[in-house]
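Okay, predicted coordinates and the sequence, questions at the end:
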Amino acid sequence: MQNYGVTISEFGEADVLTFQEHLPLPTINENQVLIENHYASINPVDFKTRKGLGWGAEKFKSQFPAILGFDIAGIVVQAGAASGFKVGDRVAALTFEGGAYSRYVAVNAELVARVPTNVSLEQAGAMPTVATTAYQILKQANIQTGQHILLSAPLGGVGHLLLQLLAKQAVKISVICSPAKNEAALALGANQCFDYHHPEQYPDLQADLFIDLVGGESGIAALKMVKTNGRVICIPTIHVPLLQQAGAQQHLQVEKMLAVPNSADLTTMLGYLADHSLTLQIAKVFPIQEIQTAHRLLESGRTQGKIVLALDRE
């Protein structure tokens with residue numbers, strides 16, 4: 001088994017991502033599996049980590065040359081005696097230990113979910129981070145019947161899954177996006193759309209909860225759409241203090257949210273995909289060798305759905 005993949009040896013722009021033909025083959029303990037990784041995907045946390053920002057950068061700076069990437073989908077090629085898996089199992093996992101930008105990845109079995117037969121590995125590779133995040137946001141939100149929910153970036157990786165989950169609740173959903181995406185957002189369950197290009201035109205919606213997937217100035221501009229004493233769940237945790245300060249006058253409860261990897265939540269979301277109660281949008285699939293281009297595309301903010309990396313050499 002020849003391992004290959006992408007490493008970084010310093011923080012910076014996309015050109016610090018370097019394809020390596022030969023990487024060490026990971027070893028496993030009895031509670032782990034070795035996965036032959038067929039598809040990974042990239043998420044905003046990946047390019048933020050690559051640039052030296054946030055918790056990911058703190059973690060990986062001591063591991064250079066580091067292999068980034070948290071989303072894995074492939075085949076078990078070695079199974080630890082206590083793992084509960086067997087060679088040949090189709091699996092997916094979210095692991096904050098990184099390593100997903102390589103062909104072979106050792107993963108703790110408690111993080112690994114079996115992929116349903118009618119879900120492709122390409123689809124499964126797109127799911128771990130965004131599916132786990134969307135599902136756990138919904139749990140944290142603890143939504144009540146009749147509430148008005150405001151959501152930003154409703155067609156991004158997390159957003160398009162979360163919008164569909166919210167649409168299953170008895171709530172009103174307003175979203176913030178570009179007019180070009182209105183039709184797609186309404187089709188996934190939004191009730192009304194507001195143009196992020198014109199925050200000065202945002203109305204006072206008296207929204208009960210704002211789920212902010214963008215943060216920064218965009219997040220601050222949308223706070224006026226939330227009722228006094230309302231809630232905000234901010235996913236870019238780096239922006240939580242900013243929103244807390246900006247929302248103080250409205251007495252907004254601004255909460256952070258960081259996904260917790262586990263097999264149960266990922267299994268649930270893969271099940272929704274399998275029974276067609278969720279649809280997954282994949283924007284583009286790149287071979288792993290084109291990872292620099294993939295990172296630049298995601299960082300542009302112009303994608304709709306997920307960007308997937310194919311690790312097969314064929």
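Thanks, I have the structure now.

you'd agree Ile238 is up against Gly56?
No. The pair formed by Ile238 and Gly56 falls short of the contact definition of C-beta atoms under 8 Å, at 10.8 Å. Backbone N, C-alpha and C define where each C-beta goes, glycine included.

In the chain, what residue spans correspond to helices?
Taking DSSP state H, the helices of the chain run over residues 44-50, 54-60, 121-126, 128-141, 157-167, 182-187, 216-222, 240-246, 263-274, 291-300.

so can I have a markdown table of those helices showing mean pLDDT and distance to Ala109?
Output for the helices of the chain, formatted as a markdown table (pLDDT from 0 to 100; distance: least, C-beta to C-beta, whole Å):
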| stretch | mean pLDDT | distance to Ala109 |
| --- | --- | --- |
| helix 44-50 | 94 | 23 |
| helix 54-60 | 91 | 21 |
| helix 121-126 | 98 | 17 |
| helix 128-141 | 98 | 15 |
| helix 157-167 | 97 | 25 |
| helix 182-187 | 97 | 37 |
| helix 216-222 | 96 | 37 |
| helix 240-246 | 95 | 32 |
| helix 263-274 | 98 | 8 |
| helix 291-300 | 96 | 27 |
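
quick one, which of those helices is nearest to Leu68?
helix 44-50 (5.7 Å; C-beta to C-beta).

Tell me which residue is most central in the protein.
Val130 (3.0 Å; C-alpha atoms, centre = their mean).

quick one, what contacts that residue?
Residues near Val130 by C-beta atoms under 8 Å, 6 or more residues apart in numbering: Asn43, Gly157, Val158, Leu161, Lys306.

Of the residues you listed, grab the buried ones for PyMOL.
Buried residues within the contacts of Val130, by 16 or more other C-beta atoms under 10 Å, are selected in PyMOL with:
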select buried, resi 43+157+158+161+306
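
before we move on, the earlier item: Glu10 is nearest to which of the helices of the chain?
Closest among the helices of the chain, using C-beta to C-beta: helix 44-50, at 9.7 Å.

which strands and helices sit next to that closest one?
If contacts are counted by 3 or more C-beta pairs under 8 Å, 6 or more residues apart in numbering; DSSP states H and E, helix 44-50 sits against helix 54-60, helix 291-300.

Give me the pLDDT for Glu314.
In the predicted model, Glu314 carries a pLDDT score of 64.

Show the low-confidence segments of the chain, by residue range.
For the chain, the stretches with pLDDT under 70 are 314.

got JSON lines for the helices and strands packed on helix 44-50, with distance to Val115 and mean neighbour count too?
Converted to JSON lines, the helices and strands packed on helix 44-50 look like this (distance: least, C-beta to C-beta, whole Å; neighbours: other C-beta atoms under 10 Å):
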{"stretch": "helix 54-60", "distance to Val115": "25", "mean neighbour count": "16"}
{"stretch": "helix 291-300", "distance to Val115": "22", "mean neighbour count": "18"}
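
Would you reformat those helices as a markdown table and include distance to Ser178?
Listed next are these as a markdown table, based on distance: least, C-beta to C-beta, whole Å:
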| stretch | distance to Ser178 |
| --- | --- |
| helix 54-60 | 26 |
| helix 291-300 | 13 |
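
of all those helices, which lies closest to Arg90?
Using C-beta to C-beta, the helices and strands packed on helix 44-50 put helix 291-300 closest to Arg90, at 23.6 Å.

angle of that closest one against helix 157-167?
On the basis of axes from the mean of the first three to the mean of the last three C-alpha atoms, to 10 degrees, helix 291-300 is oriented at 50 degrees to helix 157-167.

How far off centre is helix 291-300?
Relative to its parent chain, helix 291-300 has a centroid offset of 15 Å by C-alpha atoms, centre = their mean, to the nearest Å.

what's the answer for stretch 188-208, then?
With C-alpha atoms, centre = their mean as the basis, stretch 188-208 stands 23 Å off its chain's centre.
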